[in-house]
Every structure is written in C-alpha cells, then in structure tokens.
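> just coords:
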C-alpha cells in the first residue's frame, strides 16, 4: 500500500516474522547508523529476537505510558538521541504501539527538522489505524494530544502475529477503531464488519490482516484530500470527543480504542436523544460495541470532569461543545452547538446503561 | 510577494505605520479572537500604539532572549495560550524579531497541529531573511536550533521604519544576512550590494526596503524547489556553521547576523587556505564585512569549544566537520571533509585577523 503525503510519500507492507527481517526493513535506504525506540513490553516479550537485531545499534526502551508522551518528558528522548550523536543521515526505527509512535513521530518530525523513520506497529490499534495519516500527538500537562505535527514514517511494516501477545484490553482497543472506521464507510463495509465481529476467532491472522487493510483503506479515503485535517477528516473523530475526555478524566485508566468505543456509544446516545438515530439502529450498534467494552469504574468520573476536558477539545470552534455524531452507517456530522446541560443529561443515562451492561 | 509552500501559501506585504493598521492586517480572515506575542523591547518602545491595538485582546510580552527559545521554556508559552483558551479558530499575531518568530512559529505549527498565525517582523534580520522560508528553530539544552519545524506565517507585514529603533548590533545583524544573500546571488546582486553597503545612509527607508525585497527574492530562489532543505537550500548555511558554533560557545553574546558575518569571514579564510578563493576576492569580501563586525572578546572562546559545537551541526553527514564555503560570488559548496586540525589552524589566524580589525 503506497500513500502520498505532502510531507513525503510512504508505504505500508505486510511482513511475517518481522523481527527477523532487519535486511528487508532497511533495504534500499541509505543511512549511517540505526537507532531503536522499543516498547518495554514488546522488548520483554520478544527479548531474544530483539537482542539479536539491536546488537550493533543504539536502542532505548520506553514504557508505553501516556505520561511518557508529555511535552516535557520528550526532552529526555531528544537528549538521548543527541547525546548518542544521532545525525541526519541516521535512521530511527520504532517498535511499539501508538504511544511509541507518537513519541517517535513528533521527535522524528522536529529533531533537525525531520529525520528518517521506520515504524513497526505492534498493537492492533497502531496497525489498523494510527500508523497511517501522518498525525503525531503529544500530551500537555495531562491534556491529551493538544500538541502535534504531521509526519509519516518512511516505511511501515505490519505483522499480524503480534496480536497473539496483546492483552485483552489492547486487543479490544484495536477492535474499537476497526469498528469506528467500518461504521464510517458504507453498507458493504458495515456488513464486512458484522461478519468479522460476530465470528469466532477474531485473532485468525489472515482475517485480522484483511480487517487491518480494510480499516487502513477507509482511513486513507478520509485523509486523501484533507491531510491537514481541515474538513472531512474531522469526522474520523467520531468517538474521540467524549473518548479523549474520558481518557484524560480517568488519568488514562482505559486504552484509547476502548475509550473511543465508549465515545461512540455516548455520541450515539446523543444522536438517539436528538432523534437523529433510530432506536433500531442504535440497538444494533450497541450489540457491536458491547463485547469489547472495558471494565472500569465510570462512576468515579463526574459529568463536570468530562465537560472540563470537552472544553479543551482542539476541534471546538465556538462557545459550545463539539461532537462528531452518527446519523447511520457512513453518515456523520460534526455538531458545534452542544450545551453543558445536554452533556450532563446524556452522561447520567450513559452511566446507567454502561453499568447494566458490564455488571 | 506571494510564496507557495507545501504547508500553505502565504504573502509578504509592505505596510507603513503597521502598528496603526490592525484592520488591514486582519482583513479577509475569519477568526474568533486575537492573541499577541510581543517582543519586550518593541513593547516598551511602541507602548502607546501597542496598548491601543491589544486593548480587547490577550497579549503576552516575551523578551527576545535565546534562552526563551529553549524547548523546555516553550512549555510556558503553550500553557499561556491553553490557559487563555486559545482555540483553533483564533489567530496568533507575533510582533518581534527572529527569536519571537521561532517561538511563535514552532508553537503555531504544533499547537492543535497548526494554528493561524500572522507575523510582523521588527528587526532587519527577520524582515530580510527569517520571515520567509517556513523554518522554525528551537534550542535544546544550549544547542542552537537543533529542533524545529516547517511552518510559514499566513501573512507577513514589513514596515522598514522599525530600523530607526534598532540598536547598532541588531541593525548590523540584519546587514550580515543581506550581505550573505547577495554574495549567494550573482554579479548583478553583488554590484547592488556594494552600491548599498558603501553608500551613506543605510537606513534610508526606500533603499532599505529595496534591499529587503531583493534579499527575500534571492532567498526564495534558493528554497523554491527545496522547501524541506534536502539539497540546494543547504548553501544558505554559508556563515552559519561557524556562526552557530560561535553563538553557542559565546552563550549568545553576539547577535545572529553578526555571528554569520564572522562565520562568512571564517569560511572565506578556509577557502583562501585551500586556494579555492583568490587573495583579491578574499580582500574585497573582507571590506564588505568589516564595518559591521561585532565588538566582542573572541579570545575567550577556544578552538576546542568551537569544534565541540561544530560536531553538533545538524548538517553533518559523516565523521568529519561540515562547512559551506565560498568559491566566489554565486558559487558555493558544502564541504564534509573538514578535520578538527584544519579548524584549529584557521581559528588561530582568524582570531589574530579579527583582533587587528576591531582594535
């Protein structure tokens, strides 16, 4: 899969047993030295192969923790690269999920105003969603993704086998975004989604890879003519307005894709209340989300906290709150007229529905 | 002057008495609120007009100090904008020189992944050089410009009258870059430069504006097909390799353009020693630089310190040091084979020449 970008063109390739294919990863690139950013979990699980790969190179192990993608914290990673004499002719390879991607991407776009960068996503979320589209996102004083840049990796390699070592919550997090994108596509994509979601083995590598590529293609169709996110690409934030607020308010107690799932459910409830979505469609969507809901103590989070973070949403354009809502499969809209009181009412009902489901 | 950029197209306009033309600055832009970043010196000098302009808006006064464009320090400015509820539909106006531009530009490119930004350069250096080309540069732990992005302002307004309130060193700093660009152009540009440099009133507004536009045009010709600085644009670093090292080693005791002047003189000495530049041309260039040399205690800086910072030059591509050198007017080359010992030898001679001149 080739992707054109105003920054630079790049590619996504499937590669099996990727951690033993260093030559393939680097083929036809000129470089002086290789540096690695590796997710701590991934390093512990795949230590044996990874130690072989990095033996002549510099590498840094980074825990995939939201606090590590804070603006201030990034100074440590810049410092490491500079101290280790990283040069413009060198190459950074990132092995990890979305948090490692965000850290690496922001640094890759800004160190020396741009360096060579290869990304090997190891979570389902980063394979099926974040790896393309060239966005990088950095937190600022606990506020999610307020800072960022547009900078794609030069190459992305996908090995669906990583799903077997993901925790349930990380797997569900990826499923959350796979659901979102297929709801944003069309009836054909929606049927494909239902076939997959209600099938038995979600981790069958071939089927999973098919869903990953299908998701990436839908995403690409949304940013192809709007890379810098000034119009249609906005709709990809379905589930993200409430989702981000929930992530921030819970201090990242749940994974991103899980928060997005709840965010879609919340947005659907708003659509239902405004009679934009029928009860029937609403119920069908709920069935798709349901099995992938996170189990966490939502009662600890007040509507006041949610509203506080919704006010910091970078997509807001006026004095009211913003949310992307669904009018049905492939039919979405960004609302900019939501009052605090509407959020409060819906949040009350949302909590009671959620508690019934996860009980 | 219209400039096309991969990020966004933008314009440079002359505007007299710019600080009383708020409506013109903002005409035909949709926005919610205006926020200002204003250089402390400029604010003190033009307090009366500025207080009128900013009366209904948020503004932040920032001293034009290199330490304020440190990566860590920028967190304060992001925080101010976020705390003051800056939104994507708002607009940031920067009034100041290159340091204010770098701070604002990096923040404008990364806050919410890009905001609307207008720049009113108030130093000769920022009017004649840095305002176009879309580079933003941030220091990292005392190392100059290691971090940065590509992001132009939406609009740039030039009022040459600001030159009358510039200190000599700031004026000379701009002259330094005006010299550099005309040396990088052709014989016609070189003759124009000599006419101007050896004329009486360098601050005549019409002549100065003509030189500003001439400089911007030369610069544009260098980045038109190389916005992201992968080839020809590199040559604009003439004077900057040694210049940046001198700035860092002296803890920014001299202005940027003055350091670039000394950097050109140093690079020319290297060309002379390598017999790439004739004694005659070398002497002629020296005459152009001479009146604009800064007066500072260069003996305090050792060749070891210079080499330490040259090693951190982001343009290096191999194990040796890098420098852009002159082979004559409009004829430049980037060398990547410079050894520490060559720098040491030339630096000894450079110091003795410099001391003779400024004595």
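Right, received. Where do you want to start? Just so we're clear, the structure is a prediction, and the values are computed from it rather than from any experiment.

> all contacts plus neighbour counts: C-alpha atoms, from now on.
OK.

> mind listing the helices for the stretch 101-250 of chain A?
For the stretch 101-250 of chain A, the helices defined by DSSP state H, counting those that start in this stretch cover A:124-125, A:168-183, A:187-197, A:205-223, A:240-249.

> These into TSV, with extra columns for mean pLDDT and mean neighbour count?
Output for those, formatted as TSV (pLDDT from 0 to 100; neighbours: other C-alpha atoms under 10 Å in any protein chain shown):
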stretch	mean pLDDT	mean neighbour count
helix A:124-125	96	28
helix A:168-183	95	23
helix A:187-197	96	16
helix A:205-223	95	19
helix A:240-249	93	26
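
> how about JSON lines for these, with distance to chain B added?
Output for the helices of the stretch 101-250 of chain A, formatted as JSON lines (distance: least, C-alpha to the nearest C-alpha, whole Å):
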{"stretch": "helix A:124-125", "distance to chain B": "21"}
{"stretch": "helix A:168-183", "distance to chain B": "21"}
{"stretch": "helix A:187-197", "distance to chain B": "30"}
{"stretch": "helix A:205-223", "distance to chain B": "15"}
{"stretch": "helix A:240-249", "distance to chain B": "14"}
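
> Select, out of these, the one closest to residue A:255.
When the helices of the stretch 101-250 of chain A are ranked by distance to residue A:255, counting by C-alpha to C-alpha, first place goes to helix A:168-183 at 6.0 Å.

> now the helices of the stretch 101-250 of chain A as JSON lines including distance to residue B:324?
Below are these laid out as JSON lines (distance: least, C-alpha to C-alpha, whole Å):
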{"stretch": "helix A:124-125", "distance to residue B:324": "45"}
{"stretch": "helix A:168-183", "distance to residue B:324": "49"}
{"stretch": "helix A:187-197", "distance to residue B:324": "55"}
{"stretch": "helix A:205-223", "distance to residue B:324": "40"}
{"stretch": "helix A:240-249", "distance to residue B:324": "47"}
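
> Compare those helices and give me the one nearest residue A:14.
helix A:205-223 (8.6 Å).

> what does that closest one rub up against?
A:127-129, A:132-133, A:160-161, A:178, A:181-182, A:184-185, A:196, A:202, A:229, A:232-233, A:236 (C-alpha atoms under 8 Å, 6 or more residues apart in numbering or on different chains).

> Stretch A:281-288 too?
Contact with stretch A:281-288 is made by A:179, A:194, A:197, A:265, A:268-269, A:272, A:328, as judged by C-alpha under 8 Å, 6+ apart.

> Which pair of those spans the longest distance?
A:197 and A:272 (23.1 Å).

> What strand or helix carries residue A:24?
Applying DSSP states H and E as the criterion places residue A:24 in helix A:22-26.

> mind checking the backbone torsions on residue A:94?
With angles defined as degrees, to the nearest 10, residue A:94 sits at phi -110, psi 130.

> one step back: the helix or strand that the helix holding residue A:24 is followed by pairs with which strands, parallel or anti?
Per DSSP H and E, helix A:22-26 leads on to strand A:34-39 as the next helix or strand towards the C-terminus. Taking DSSP bridges as the criterion, strand A:34-39 forms sheet pairs with strand A:58-62 (parallel), strand A:91-96 (parallel).

> Pull out the buried residues from the helix or strand just after the shortest one.
Spelled out, that is strand A:58-62. Next along the chain after strand A:58-62, taking DSSP H and E as the criterion, comes helix A:71-83. Across helix A:71-83, burial judged by 16 or more other C-alpha atoms under 10 Å in any protein chain shown covers A:71-72, A:74, A:77-78, A:81-82.

> got it, and stretch A:45-59?
By 16+ other C-alpha under 10 Å, the buried positions in stretch A:45-59 come out as A:50, A:58-59.

> between those residues, which is closest to chain B?
Using C-alpha to the nearest C-alpha, residue A:58 comes nearest to chain B of the buried residues of stretch A:45-59, at 17.2 Å.

> Now the closest one. Nearest residue, chain neighbours left out?
Spatial nearest neighbour of residue A:58, chain neighbours left out: residue A:35 (4.9 Å); criterion: C-alpha to C-alpha, 6 or more residues apart in numbering or on different chains.

> Any idea what the one you found is bridged to?
In this entry, residue A:35 is beta-bridged to residue A:58, residue A:92, by DSSP bridges.

> just checking, it touches residue A:89?
No. Residue A:35 is beyond contact range of residue A:89, at 11.3 Å (criterion: C-alpha atoms under 8 Å).

> Counting neighbours, go ahead and name the busier of the two.
Neighbour comparison, residue A:35 and residue A:89: the larger count goes to residue A:35, with 20 against 17 (by other C-alpha atoms under 10 Å in any protein chain shown).

> ok so, going back, could you dump the strands paired with strand A:34-39 to JSON lines with mean pLDDT and distance to residue B:147?
As requested, the strands paired with strand A:34-39 are exported to JSON lines (pLDDT from 0 to 100; distance: least, C-alpha to C-alpha, whole Å):
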{"stretch": "strand A:58-62", "mean pLDDT": "96", "distance to residue B:147": "20"}
{"stretch": "strand A:91-96", "mean pLDDT": "98", "distance to residue B:147": "16"}
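
> Tell me how many other residues crowd residue A:135.
Counted with other C-alpha under 10 Å, residue A:135 comes out at 20.

> Repeat that for the one 10 residues further on.
By other C-alpha under 10 Å, 21 other residues sit near residue A:145.

> Can you give me every residue that contacts it?
Counted by C-alpha under 8 Å, 6+ apart, residue A:145 has contacts A:137-139, B:112.

> and with 6 Å instead?
A:137-139 (C-alpha atoms under 6 Å, 6 or more residues apart in numbering or on different chains).

> ok, and the most crowded of those residues?
residue A:138 (30 neighbours).

> so that one touches residue A:147, yeah?
Yes. Between residue A:138 and residue A:147 there is a contact at 5.0 Å, judged by C-alpha atoms under 6 Å.

> rewinding a little: for the helix holding residue A:24, the averaged confidence score.
With pLDDT averaged residue by residue, helix A:22-26 scores 94.

> ok now that helix, how far from the chain's centre?
Its chain's average C-alpha position is 25 Å from that of helix A:22-26, according to C-alpha atoms, centre = their mean, to the nearest Å.

> what's the distance between residue A:183 and residue A:233?
15 Å (C-alpha to C-alpha, to the nearest Å).

> Could you state which residue of chain A sits nearest its centroid?
By C-alpha atoms, centre = their mean, chain A has its centre lying nearest to residue A:130, at 4.6 Å.

> How about the contacts made by the closest residue to residue A:102 other than its chain neighbours?
Setting aside the residues directly before and after it, residue A:102 is nearest to residue A:136 in space (C-alpha to C-alpha, 6+ apart), at 4.9 Å. Contacts for residue A:136 were tallied using C-alpha under 6 Å, 6+ apart; they are A:102, A:105-106, A:148-149.

> Reformat those as CSV; add pLDDT and neighbour count.
Output for the contacts of residue A:136, formatted as CSV (pLDDT from 0 to 100; neighbours: other C-alpha under 10 Å):
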residue, pLDDT, neighbour count
A:102, 97, 23
A:105, 98, 31
A:106, 98, 25
A:148, 97, 25
A:149, 96, 24
